[in-house]
Structures are given as C-alpha cells and as structure tokens.
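mind looking at a prediction? Sequence and model below.
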2 protein chains.
Amino acid sequence: MTERLLTPHELEAALRAVGAERYHNLHPFHRLLHTGKLNRGQVQAWALNRYYYQAQIPVKDAVIMSRLATPELRRAWRSRIVDHDGDGPKTGGIARWFKLATGVGLDAGYVESLTGILPITRFAVDAYVNFVRDASVLEAVASSLTEMFSPGIIAERMVGMLENYDFISADTLAYFQPRLTQAPKDSEFALAFAKEHAITRVDQEKVINALRFKCDLLWAMLDALYFSYVEPGFVPPGAFKPQAS
Amino acid sequence: MTERLLTPHELEAALRAVGAERYHNLHPFHRLLHTGKLNRGQVQAWALNRYYYQAQIPVKDAVIMSRLATPELRRAWRSRIVDHDGDGPKTGGIARWFKLATGVGLDAGYVESLTGILPITRFAVDAYVNFVRDASVLEAVASSLTEMFSPGIIAERMVGMLENYDFISADTLAYFQPRLTQAPKDSEFALAFAKEHAITRVDQEKVINALRFKCDLLWAMLDALYFSYVEPGFVPPGAFKPQAS
C-alpha cells in the first residue's frame, strides 16, 4: 500500500461503507423473510441453519479470548460468551435461538442434532471459526464488526416477522431483544480496538477486509438458503426438507 | 493395549498414583521453598516465573472452552476463567499472584514485562497451551487434573512460607486461599468428565498420560528454577538475577 494512514474517523467510514454494500440485510432471502414472502418451511430452514451459526458463536469467541493477552481484554470479550452461553440452563442466546427454531415448528432433537443443516452453512460457519484462529488478533476482532449493522436488521426483522407470519409470536423472537443492546456494546469495543491497533495502512486494510470476509460468509449462508429453499429449490441429499403444507 | 477397561474407581486410583509419584510437591525446590531454606532472591525467582504460568492459565482454559461442544460444558469451564481473570480490575487469580510477586519485592513493571522469566518456564507453559489445543478434548481436560493434588501443596505452602519467611505476610499469599475451594470444584468436574468420556482402555491410558505430561511440565519449571537459582546457579543471559542481599 502506498496510501496514507486513515484517520480513525475515515477508518470507521470505510467500515460502514462495507456494511452499506455487503451486509446481509441486502440479501434477497432476507427481503423475502422480512416481508412475509416465505412459507413456514422456508422460515424453518432459515431458523435451522442459523442455529448452527448461533451455536458456534461462543466457540468463535472463546478462540478469540484465548488469543487476547490481558485479563482486561479477556473480561471484555468474555461478556459475549456469557451473552450466548448464558448463566444456567435455558439462558443465553443459543437457548433463545433454539426456542425460535422450535417455536416455528421444528423438532427439538432434530435442531440439536445439526443433521439437517446445509453443507454450505457448515462451511461458512466453520470458516469463521478458522479465520479467528488463523488470522491476526486484530483481524479476528474486526471480523465481529458486522454487529455495527445488526440493530437495524433486527428491528426490521422483528417488526416484519411479527406482522407477516401468524405462526410467529413475540415470545418466539425473544432472541432479538437483548441483541439490540448487546451488539452495540460489543461493536463499540471492537471498533475502538480496531482503531487503536490498526496503526499502519496495511493493518487498516486488513481490518476492512476482515469485515468484508465476515459479510461474505453471512451472505453465503443466505445464498445457500435461497438456492435450496426458494429458487431453484434444490435441497442437497440429507439436508432439511420442509413438509408439504 | 490388550488390557481390560478400568472401572471408574480404578481409573481414579491410577490417576492418584501418578500424583503420588510425579506431582511437584515432591520436587526438591518446593521442599526448600516450604521449609524456609530459600533466600529472598530465590523466592522472587519462583514468584516471577510462576507468574507466567498463572498469566497463561485463562488462555489455556479459553482454548479448552473453545473446544467444548455445549453451553453447559462451556459454562462449567468458564468459571475457571472467571477465577483467574476476575470480574474487574485487580480481581482474580492473576492479580493475586501479581500481588504475591510484588509483595516479595519485585518491581511491578518488571513482573508484567515477563522479560526476566527463564526460557524453560516459557517452553513448559507454552507446551501446556499447545497441548490443550492439539491433543483430544479428553486429554486437554485430563491435563487439568493436577488440581486433584493442589490443596495439599497449598496448605503446606501457606503454613511453611508464613512461618519461615519474615518478608511474607498472609496478605501476600492471598492467591492461595480461594484455590483451596476452586481447585476441588474444578478437579471434580474434570475427573467426572474423564471417567465418563474415557470409554476404552486406550482413552484411559491417554487420560493417565495427559496427567503425567502436566506433572512433567510443572516439575520441569522447578528443575529450571533449581538449576538457575540454587545449584549450580547458572542464570541464563537475560533472565532475572537476584540482587545480592
């Protein structure tokens, strides 16, 4: 890179530009989901596949925590794990997503078994865990910055899904409410970390690319859902098949 | 292995036999430490080197946590990280060991810099973190089982050090008191995990060998301290040199 160092403000603007172009709120599958254009089986497919993502989030965060050098940084990161794993049985984000998946009519054991998820879902989620292990700590932290954009999509989703699907209740969507405060807290920390530690333009590009990578993997998960459950509707062998309704 | 599966009781007995033979309470350096035979510089060398071990414990535990498959297991393991990283500034085991290291007269910045630790200390501690990443989850968990033996050495140490060194107060040794309850809680969980998951004799041997490995690395750290600070007293270039007293 021959370009000059970005100011912290410019770096943040560059990151927000990545979100404006690539965040998965723009994906056609989400547009269908939020506007009530999916049937129950398609919503189930979404909830089921996303469950694997949710279930791996604390794994991803424990990998990052294992790479942070001080109790202070690890404590800050630990709160993400607490948010998702909870403080006891049936607490935390994974349990709440599980409630969503079963709330839309999936069998509990089937969800937990993970046997019905699309292979692409597995590849994308596992790529995330591998990335935070293999990339630099700065990139690992930066890859979490999609949370800068999540309150918008969550608000849109909660309103859209409650309005448009009679099989979905506010209780089923209990996952999302705490995320409206957790995500900004987490993304503020990660953004401050990125601004502080990206001290060369090369580092700054790595931060931007880490966020692109994360947007790409969230996008790819929706590509796979669209391909298998919307159009052309080819479900891979072994993956979840919605019951005719 | 052609031998039969051990009963859970026999497995536990085999693990206790490893401790009886190899746990570092038997090391000559600890005998000197606990009976008041070391001078202040030698106690400082011990506290300084052990600080690196303490500082890496939550790193090691975050690696293990990242490999545990359920929120329930991760929550149980998370309590170890909370014990060592604490819940805020100056709380937790690392902060308490830091207090011990500075309490015996070491400079705070010097301790934190880690520049004075023996290379063998670094190799041994890093081997531990690498082991829990690269070995099976069962072996990673089993390597923590030295905690089955730690209440004995801690009790011996607290009494011996308070009695024998006028530069050590109960306050300086604040690290150890909570360990008397934390370690048994943790080792009970790990022992139950090992008994449950070691379902072949090959697995059981791996569990026993993981504990041997852990005993070996704790022992090696004391070998290095003895070699450099007791006899023959060769301090490697760059490592901590006690001030003449």
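Arrived safely. Numbers count the residues shown, from 1 in each chain, chains lettered A, B, ... in the order given.

what's the burial count for residue A:20?
11 (other C-beta atoms under 10 Å in any protein chain shown). Every residue, glycine included, has its C-beta placed from N, CA and C.

sketch out the low-pLDDT regions of chain A for me.
A:1-2, A:245 (pLDDT under 70).

got the residues of it near chain B?
Proximity of chain A to chain B (C-beta under 8 Å from any C-beta of the partner chain) is limited to residues A:58-60, A:62-63, A:65-67, A:71-72, A:74-75, A:78, A:81-82, A:84-89, A:92, A:94-95.

which of those residues fall within strands?
Using DSSP state E, no member of the residues of chain A next to chain B falls within strands.

what subset of the residues you listed is buried?
Neighbour counting with 16 or more other C-beta atoms under 10 Å in any protein chain shown marks A:58-60, A:62-63, A:65-67, A:71, A:74-75, A:78, A:81-82, A:84-86, A:92, A:94-95 as buried within these.

go through those residues and flag which are in helices.
Of these, the ones assigned to helices by DSSP state H are A:58-60, A:62-63, A:65-67, A:71, A:74-75, A:78, A:81-82, A:84-85, A:94-95.

tell me where chain A has helices.
So, for chain A - with DSSP H - the helices run A:8-22, A:28-34, A:40-67, A:71-85, A:93-103, A:108-113, A:119-134, A:137-142, A:150-164, A:176-197, A:201-229.

which other helices and strands contact the second one?
Where contact means 3 or more C-beta pairs under 8 Å, 6 or more residues apart in numbering or on different chains; DSSP states H and E, helix A:28-34 is packed against helix A:40-67, helix A:150-164, helix A:201-229.

buried stuff in it?
For helix A:28-34, the neighbour count (16+ other C-beta under 10 Å) marks A:29, A:30, A:32, A:33, A:34 as buried.

contacts for it, please.
Here helix A:28-34 makes contact (C-beta atoms under 8 Å, 6 or more residues apart in numbering or on different chains) with A:24, A:37-38, A:42-43, A:46, A:153, A:156-157, A:160-161, A:164, A:222-223, A:225-226, A:230.

list just the nearest of the buried residues of helix A:28-34 to residue B:110.
Nearest to residue B:110 among the buried residues of helix A:28-34: residue A:30, at 54.0 Å, using C-beta to C-beta.

could you check how far the closest one is from residue A:37?
Applying C-beta to C-beta, to the nearest Å, the value for residue A:30 to residue A:37 is 11 Å.

and residue A:87, by the same measure?
Distance from residue A:87 to residue A:37, by C-beta to C-beta: 38 Å.

again with residue A:47
16 Å.

compare these two and say which is more crowded by neighbours.
More crowded of residue A:47 and residue A:37, by other C-beta under 10 Å: residue A:47, with 23 against 13.

I'd say that one and residue A:104 touch.
Yes: Residue A:47 is in contact with residue A:104 according to C-beta atoms under 8 Å; the separation is 5.3 Å.

mind listing what's buried in stretch A:110-127?
A:111, A:116, A:117, A:118, A:120, A:121, A:122, A:124, A:125.

ignore the last one, stretch A:129-136
A:129, A:131, A:132, A:133, A:135.

quick one: contacts of that stretch?
Against stretch A:129-136 from outside (C-beta under 8 Å, 6+ apart): A:56, A:59, A:60, A:63, A:64, A:67, A:139, A:140, A:143, A:206, A:210, A:213.

burial of the last one, as a residue count?
Put plainly, it is residue A:213. 17.

before we move on, what about the first one?
For residue A:56, the neighbour count with other C-beta under 10 Å is 19.

list the contacts for it?
Going by C-beta under 8 Å, 6+ apart, residue A:56 touches A:125, A:126, A:128, A:129.

correct me if wrong: the first one contacts residue A:51.
So the one you mean is residue A:125. No: contact between residue A:125 and residue A:51 fails when scored by C-beta under 8 Å: they sit 10.3 Å apart.

in JSON lines, list the helices of chain A along with distance to residue B:9.
Compiled in JSON lines, these are given as follows (distance: least, C-beta to C-beta, whole Å):
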{"stretch": "helix A:8-22", "distance to residue B:9": "57"}
{"stretch": "helix A:28-34", "distance to residue B:9": "54"}
{"stretch": "helix A:40-67", "distance to residue B:9": "33"}
{"stretch": "helix A:71-85", "distance to residue B:9": "32"}
{"stretch": "helix A:93-103", "distance to residue B:9": "35"}
{"stretch": "helix A:108-113", "distance to residue B:9": "32"}
{"stretch": "helix A:119-134", "distance to residue B:9": "38"}
{"stretch": "helix A:137-142", "distance to residue B:9": "44"}
{"stretch": "helix A:150-164", "distance to residue B:9": "51"}
{"stretch": "helix A:176-197", "distance to residue B:9": "45"}
{"stretch": "helix A:201-229", "distance to residue B:9": "48"}
